[in-house]
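[1] could you look at this predicted model? Sequence included:
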Amino acid sequence: MGMLAKIRRMHLRDRLSIREVARRTGLSRNTVREWLRKPQVVEPVYAKREIVSKLDPYREVLAGWLKANRHRGKRERRTVLSMYQELVALGYRGGYGRVAAFARKFLVEESEHGGGRAYVPLKFALGEAFQFDWSTEYAFIGGLRRRLEVSHTKLCASRAFWMGAYPTQTHEMLFDAHAQAFAAFEGVPARGIYDNMKTAVDKVGRGKLRTVNARFEAMTSHYLFEADFCNVASGWEKGIVEKNVQDRRRHIWMEAQEQRWPSWESLNEWLAQQCRMAWSEMKHPDLPELTIEEVLQDERARLMDCPKPFDGYVEYPVRVTSTGLIHLERNRYSVPTKYAHWIVSLRVYPATIEIVADGAKVAQHQRCFERDRTHYDWRHYIDLVETKPGALRNGAPFETMPEPLRQLQRHLLTRHGGDRIMAQLLAAVPVHGINAILAATKAALAMGKPSGEHVQYLIAQLKDKALPRPERAETSLVLNEEPRADVDRYDRLRHETAAKAIILATLALAPLMNGGVHVR
């Protein structure tokens, strides 16, 4: 329409010839003449050039696949390459580039027609609810690139959020994430919004009907909040925390991936600092004149006081092996050997594990997330080496003893009976404590060549110190005069005793001195 109007202005208004109009517009004179003769001011329409492609017989099939692909979840969506391979199986003989170009054009046209869904904006009162979700990230910890399960807890009203990095998404990690978040928020909201994660929902029923996990329900009962679960495949129902995952991935995790972290604790400390810094710097989306931290101060007045952390362990019954070990996640941990072949309770925490027998804790270890590792506590094997002292020479648990004890062991094992003497020294550890035994060991090593007799002497000294002192006897007698500390009294008594001895000797010799001895 624009070219026709331009031609009419040049020829009818500016009085230019058809030859000049054709020269300026680049059209042929016949085309200009034909357009000027038309009675209606309508630009002619020419048929589009038809290009025959090998993809034409498969366009409808491919369009149907692309349309169905948009309604799948992100993880279930098919790639264009997989569609191309399936088209080849159906008989398509063209190239992958043509299929990819068709897919790009189809997605652009669909977006122009507004194929997305519509949602209702939500508003939450202060202290009403929080949303929780997990995300998968990667970072270098301890020199290795590890997969991280990051917890995201976000208050719906103030938009304050808290993050924590964990090795897995198991129950003990979930409980610790809640405890850390509530401690940071300094309170507990009235409601929590979750998706249907397996650690919270055992079975999804019709509508909002859920069979909630017993341990998860115990946590909600401890913190006194109501758990609300989204519909299946309806992540937009907790869109606040979903957006938080994307935002933090573009900001905090871009920096976290570039650093090298010595431990999980250092990474989580850094994440806590980043969360608090973001509260003070970010503006609230609904109240731009206030920061998130300022709105959080108002919301804290509406939160329930945070109780003591939920004891969020996961308990398993395990059997102790004949070598005093229990198994967890392809790792082995030692237990006192007197519980060999027992079935004990294993309580798993995010960073530690505890072994409980007869209602009492008998062992504790730092939890290991590697595989095929054995963690010994040499003190668990002391009772056994008292009866089997020969096991000290090659006993694997005793490689973890303090260095002074290992030095003494190397000296003693070169002599006859040294293993039994070393076993006696180790048997004194539960009685006197590791610090006293280490002091005695260092004293023995200070001689240069510690002997078994010296070690036994030191053990005997420890035993004498451990003996209870006799209690003072109670009596009804009353002391009227307290004894005085008189050091000269001994000399006086000595002189008095000597004088008495002289007098007695004189009296005994007096008959002899007077008349002698008469023998009849």
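    Received, thanks.

[2] got the domain ranges for this structure?
    Taking automatic domain parsing as the criterion, the chain consists of the domains 2-37, 56-112, 129-300, 314-375, 381-465.

[3] roughly how far is the second one from the heart of the chain?
    Distance of domain 56-112 from the chain centroid (C-alpha atoms, centre = their mean, to the nearest Å) equals 42 Å.

[4] do the same with the longest one
    Counting by C-alpha atoms, centre = their mean, domain 129-300 is centred 13 Å from the centre of its parent chain.

[5] okay, how far is it across it, tip to tip?
    This stretch, domain 129-300, spans 12 Å end to end (C-alpha to C-alpha, to the nearest Å).

[6] rewinding a little: mind putting the domains of the chain into CSV with mean pLDDT and mean neighbour count?
    Glycine gets a C-beta too; all of them are placed from N, C-alpha and C. Below are the domains of the chain laid out as CSV (pLDDT from 0 to 100; neighbours: other C-beta atoms under 10 Å):
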stretch, mean pLDDT, mean neighbour count
domain 2-37, 85, 13
domain 56-112, 87, 13
domain 129-300, 92, 17
domain 314-375, 93, 16
domain 381-465, 83, 16
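
[7] out of those domains, nearest to residue 475?
    Closest to residue 475 of those is domain 381-465 (C-beta to C-beta; 28.0 Å).

[8] gap between the longest helix that the chain contains and the chain center?
    Longest helix of the chain, by residue count under DSSP state H: helix 489-515. Between the centre of helix 489-515 and the centre of its chain there are 91 Å (C-alpha atoms, centre = their mean).

[9] number the chain from 12, please
    Done: numbering now begins at 12, and the last item shifts to helix 500-526.

[10] now do it, average pLDDT.
    For helix 500-526, the mean per-residue pLDDT is 70.

[11] one step back: redo the domains of the chain as CSV? Include distance to residue 488.
    Listed next are the domains of the chain as CSV, based on distance: least, C-beta to C-beta, whole Å:
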stretch, distance to residue 488
domain 13-48, 131
domain 67-123, 91
domain 140-311, 63
domain 325-386, 47
domain 392-476, 31
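
[12] work out which residue lies at the spatial centre of this structure.
    For the chain, the residue sitting closest to the mean C-alpha position, by C-alpha atoms, centre = their mean, is residue 177 at 3.3 Å.

[13] if I look at the residue nearest to residue 200 when sequence neighbours are not counted, how far off is residue 208?
    Closest residue in space to residue 200, ignoring its immediate chain neighbours: residue 141 at 4.8 Å, by C-beta to C-beta, 6 or more residues apart in numbering. From residue 141 over to residue 208 the distance is 15 Å, taken as C-beta to C-beta, to the nearest Å.

[14] follow-up on the earlier one: looking at the domains of the chain, which is closest to residue 317?
    domain 140-311 (4.9 Å).

[15] hmm, back to that, can you name the next helix or strand after the host helix or strand of the residue nearest to residue 200?
    Here residue 141 sits within strand 140-152, counting by DSSP states H and E. Going down the chain from strand 140-152, the next helix or strand is strand 155-166, by DSSP H and E.

[16] that next one pairs with which strands?
    With DSSP bridges as the test, strand 155-166 is paired with strand 140-152 (antiparallel), strand 172-177 (antiparallel).

[17] what comes up buried for the longest helix of the chain?
    By neighbour count on 16 or more other C-beta atoms under 10 Å, the buried set for helix 500-526 is empty.

[18] name the element the closest residue to residue 469 other than its chain neighbours belongs to?
    Nearest residue to residue 469, sequence neighbours excluded (C-beta to C-beta, 6+ apart): residue 451, at 4.1 Å. Using DSSP H and E, residue 451 sits within helix 445-456.

[19] so which elements touch that helix?
    helix 414-423, helix 429-438, helix 463-477 (3 or more C-beta pairs under 8 Å, 6 or more residues apart in numbering; DSSP states H and E).

[20] contacting residues around residue 307?
    166, 169, 171, 196, 290 (C-beta atoms under 8 Å, 6 or more residues apart in numbering).

[21] list the residues that contact the residue nearest to the centre of the chain.
    Counting by C-beta under 8 Å, 6+ apart, residue 177 has contacts 159-162, 184, 187-188, 275, 361.

[22] any idea how far residue 85 is from residue 436?
    63 Å.

[23] using the three-state scheme, assign the nearest residue to residue 242 once chain neighbours are set aside.
    Using C-beta to C-beta, 6+ apart and skipping residues adjacent in sequence, the residue nearest residue 242 is residue 248, 6.5 Å away. Secondary structure state of residue 248, per DSSP: H, G, I helix; E, B strand; the rest coil, is helix.

[24] alpha carbons of the helix holding residue 451, as CSV, please.
    Output in CSV follows, covering the C-alpha atoms of helix 445-456 (Å, rounded to 0.1, in the frame of the first residue of the first chain):
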residue,chain,number,x,y,z
ILE,A,445,43.1,-40.2,78.1
ASN,A,446,44.8,-37.1,79.4
ALA,A,447,46.3,-38.9,82.4
ILE,A,448,47.5,-41.8,80.2
LEU,A,449,49.1,-39.5,77.7
ALA,A,450,50.9,-37.7,80.5
ALA,A,451,52.3,-41.0,81.8
THR,A,452,53.2,-42.1,78.3
LYS,A,453,55.1,-38.9,77.7
ALA,A,454,57.0,-39.3,81.0
ALA,A,455,58.0,-42.8,80.0
LEU,A,456,59.1,-41.7,76.5
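
[25] that helix versus helix 414-423: what angle between them?
    Note on geometry: by axes from the mean of the first three to the mean of the last three C-alpha atoms, to 10 degrees, helix 445-456 and helix 414-423 are set 40 degrees apart in direction.

[26] distance to residue 298 added to the contacts of residue 177, as TSV?
    Listed next are the contacts of residue 177 as TSV, based on distance: C-beta to C-beta, whole Å:
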residue	distance to residue 298
159	33
160	33
161	27
162	26
184	34
187	32
188	28
275	36
361	36
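
[27] what kind of secondary structure is residue 103 in?
    Under three-state DSSP, residue 103 falls in the coil class.

[28] next up, phi/psi of it, please.
    phi -70, psi 130 (degrees, to the nearest 10).

[29] quick one: residues contacting the nearest residue to it once chain neighbours are set aside.
    Spatially, and ignoring its direct neighbours in sequence, residue 103 is nearest to residue 69 (5.5 Å; C-beta to C-beta, 6+ apart). Listed by C-beta under 8 Å, 6+ apart, the contact set of residue 69 reads 98, 101, 103.

[30] out of those residues, which is nearest to residue 294?
    Nearest to residue 294 among these, with distances taken as C-beta to C-beta, is residue 98, at 49.7 Å.

[31] leaving out chain neighbours, which residue sits closest to the closest one?
    Using C-beta to C-beta, 6+ apart and skipping the chain neighbours, the partner closest in space to residue 98 is residue 69 (5.5 Å).

[32] how near is the one you found to residue 100?
    Residue 69 is 11 Å from residue 100, by C-beta to C-beta.

[33] follow-up on the earlier one: among the strands paired with strand 155-166, which is nearest residue 239?
    Among the strands paired with strand 155-166, if distance is taken as C-beta to C-beta, the winner is strand 140-152, at 7.6 Å.

[34] tell me which helix or strand the closest residue in space to residue 402 that isn't next to it in sequence sits in.
    In space, and not counting its chain neighbours, residue 402 is closest to residue 396: 5.6 Å by C-beta to C-beta, 6+ apart. Residue 396 belongs to helix 393-398 when assigned by DSSP H and E.

[35] what's that helix in contact with?
    Helix 393-398 is touched from outside by 335, 347-349, 402-403, 406, 434-435, 437-438, 440-441, with contacts defined as C-beta under 8 Å, 6+ apart.

[36] just name the closest of the residues you listed to residue 299, please.
    Closest to residue 299, out of all of the contacts of helix 393-398 and judged by C-beta to C-beta, is residue 347, at 61.7 Å.

[37] which non-adjacent residue is nearest that closest one?
    residue 391 (4.6 Å).
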